[in-house]
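>>> predicted model and sequence below, questions to follow.
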Amino acid sequence: MTIDSPKVNFSSYQVTVILILALTQFSVVLDFMVMSPLGDLLIKELKISPSQFGVVVSSYALSAGVAGFLTASFADKFDRKKLLMFFYGGFIIGTLLCGLSTNYWTLVGARIFTGLFGGVMSSISLAIVADLFAPNQRGRVMGFLQMGFGMSQILGIPISLYLANIWDWKAPFFMIVILAIVIFIGIFFVLKPVAEHLKLQRDNPLKHMWNTISNRNYRIGFLATAFMSLGGYLMMPWGSTFAVNNVGIKQSDLPMMFMIVGVCTFVIMPLIGTISDRVNKYVVFAGASIVMIISIAIYTHLPQVSLFVLILVNVIMMMGIMARMVPSQALAASIPEMKDRGAFMSINSSLQQMAGGIAALIGGMIVTQESHTSPLGRFDILGYVVIGIIVVNMFLTYRVYRYVSEKEK
């Protein structure tokens with residue numbers, strides 16, 4: 001007979017920490033996610049090509065991935081509060097530089113700078129959660145932190161697009177800077193030092209990371225994660241440009257579309273999580289992959305349709321994306337041994353971001369645009385590439401599922 005761990009209530013200080021970390025997550029996620037909806041405005045305002053916009057998107061993801069690898073080896077050597085403040089401060093400066101950018105090259109440089117700092121924020125937040133919360137509290141904490149992603153979709157992106165439509169494409173970055181400064185002040189005055197881990201003796205972190213990378217079973221998980229990101233980021237940066245120039249949706253209608261899709265995502269994620277815990281995770285993943293393949297085939301061939309039809313197709317496609325992501329992450333978390341979990345998740349996260357950056361570059365090379373107001377060309381070919389990657393990812397994830405199933409016997 002098993003005995004469930006008793007539910008432990010949060011202290012008032014823990015509630016404050018959750019709020020600070022959730023707001024931090026919200027601002028960092030919003031800074032990254034807002035680039036795709038701003039795509040059409042940026043291409044027209046800066047007079048850049050789709051491939052150049054792909055570089056703008058990928059520059060953040062690639063620098064974030066590199067930063068994740070570099071910091072994984074020394075992150076445990078410092079007080080986590082100081083580490084959080086250092087990288088969040090750099091993130092604020094980088095976001096401000098994005099708002100101050102006047103041309104393509106200054107924006108690329110600003111995105112690289114922002115990624116070097118913002119890309120590490122999630123792993124620092126997870127480390128703080130592990131240090132300050134008991135194991136039977138962490139699931140609830142992670143649920144609250146994930147709300148940062150959902151709220152960036154529901155509120156952050158629509159508000160950012162609304163401001164961009166009224167004023168300028170730079171407005172969302174200035175809004176994020178103001179919010180982030182308020183959060184930074186809260187971190188400085190409210191968060192206590194998080195330094196208990198400094199008392200522990202550890203092995204050489206670089207050697208530990210190498211041992212994790214060289215593990216053949218772990219590499220299967222890394223490869224599956226990379227292909228998940230490739231499939232997602234290949235199409236994401238071109239969503240607003242495709243909606244406006246191909247489907248014929250007004251720029252002013254985009255905030256409404258992203259808000260509705262965000263609300264649906266917010267509702268779908270916990271439901272998919274529950275289903276994944278009750279049903280075979282790979283069955284859920286494979287079923288969602290099929291839904292995504294069908295929806296992508298429809299989406300990339302859409303003629304000029306109503307806003308309602310575009311939203312409906314986007315919601316179905318997002319259902320497929322989320323229903324793949326949840327079981328995939330659950331399977332990935334089951335791959336490493338406990339002693340390797342920290343290094344595995346750090347490397348996995350870095351590879352995820354780097355693969356996303358490479359995907360944005362590849363996507364920019366595939367799609368074409370004759371002028372800044374003409375429809376995107378070869379978007380259907382991009383869809384076929386994504387479908388092929390999803391099929392490969394189904395095979396890789398099946399290998400992960402078999403390994404996890406054997407391990408748990």
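Thanks, I have the structure now.

>>> does Pro37 touch Pro237 like I think?
No: judged on Cβ atoms under 8 Å, Pro37 makes no contact with Pro237 at a distance of 9.9 Å. Any C-beta I mention is one placed from the backbone N, CA and C, and that applies to glycine too.

>>> count of neighbours near Glu371?
Glu isn't right for residue 371; it's Ser. Using other Cβ atoms under 10 Å, Ser371 has 9 other residues around it.

>>> residues touching the spatially closest residue to Leu83 that is not a sequence neighbour, list them.
Among residues not flanking Leu83 along the chain, Ile124 sits closest, at 5.6 Å (Cβ to Cβ, 6 or more residues apart in numbering). Counting by Cβ atoms under 8 Å, 6 or more residues apart in numbering, Ile124 touches Ala75, Arg80, Leu83, Leu84, Phe87.

>>> how about 10 Å then?
Contact partners of Ile124, counting by Cβ atoms under 10 Å, 6 or more residues apart in numbering, are 21, 24, 71, 75, 78, 80-81, 83-88, 194.

>>> check Asp40 too.
With Cβ under 10 Å, 6+ apart, Asp40 has these contacts: 53, 169, 238-245, 249, 251, 254, 372-373.

>>> and with 8 Å instead?
Contact partners of Asp40, counting by Cβ under 8 Å, 6+ apart, are Ser240, Thr241, Ala243, Val244, Asn245, Gln251.

>>> any chance of a PyMOL selection covering the buried ones in those?
In PyMOL syntax, the buried subset of the contacts of Asp40 is picked out as below (16 or more other Cβ atoms under 10 Å):
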select buried, resi 240+241+243+244+245
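
>>> out of the contacts of Asp40, which sit inside helices?
Ser240, Thr241, Ala243, Val244, Asn245 (DSSP state H).

>>> which pair of these spans the longest distance?
Greatest spatial distance among the ones in helices among the contacts of Asp40 (Cβ to Cβ): Ser240 and Asn245, at 9.3 Å.

>>> just for the stretch 1-150 of the chain, where's the confidence low?
Where the stretch 1-150 of the chain drops to pLDDT under 70, the residues are 1-8, 72-77, 130, 135-140, 142-143, 146-150.

>>> now do 90
Judged by pLDDT under 90, the stretch 1-150 of the chain has its weakly predicted residues at 1-19, 21-22, 25-26, 28-51, 53-54, 57-58, 61-62, 64-84, 102, 118-150.

>>> ditto for the stretch 151-300 of the chain
Applying pLDDT under 90 to the stretch 151-300 of the chain flags residues 151-169, 191-222, 225-226, 228-241, 250-281, 284.

>>> what's the longest helix seen in the chain packed up against?
Counting by DSSP H, the longest helix found in the chain is helix 379-407. Contacts defined by 3 or more Cβ pairs under 8 Å, 6 or more residues apart in numbering; DSSP states H and E place helix 379-407 against helix 216-233, helix 281-299, helix 307-333, helix 341-366.

>>> identify the residues contacting stretch 104-119?
With Cβ under 8 Å, 6+ apart, stretch 104-119 has contacts from 28, 31-32, 35, 42, 46, 48, 52, 55-57, 59-68, 87-91, 93-95, 97-98, 100-101, 350, 353.

>>> run the last query once more with 6 Å
Stretch 104-119 has contacts (Cβ atoms under 6 Å, 6 or more residues apart in numbering) with 28, 46, 48, 52, 56, 59-60, 63-64, 67-68, 87, 90-91, 94-95, 97-98, 101, 353.

>>> what's near enough to touch Thr71?
By Cβ under 6 Å, 6+ apart, the residues touching Thr71 are Val120.

>>> quick one: distance of whatever helix or strand it lives in to the chain centre.
Taking DSSP states H and E as the definition, Thr71 sits inside helix 50-72. Averaging C-alpha coordinates over helix 50-72 and over its chain gives two centres that are 12 Å apart (Cα atoms, centre = their mean, to the nearest Å).

>>> one step back: export the contacts of Asp40 to CSV and append columns for distance to Tyr13.
Below are the contacts of Asp40 laid out as CSV (distance: Cβ to Cβ, whole Å):
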residue, distance to Tyr13
Ser240, 41
Thr241, 46
Ala243, 44
Val244, 47
Asn245, 50
Gln251, 45
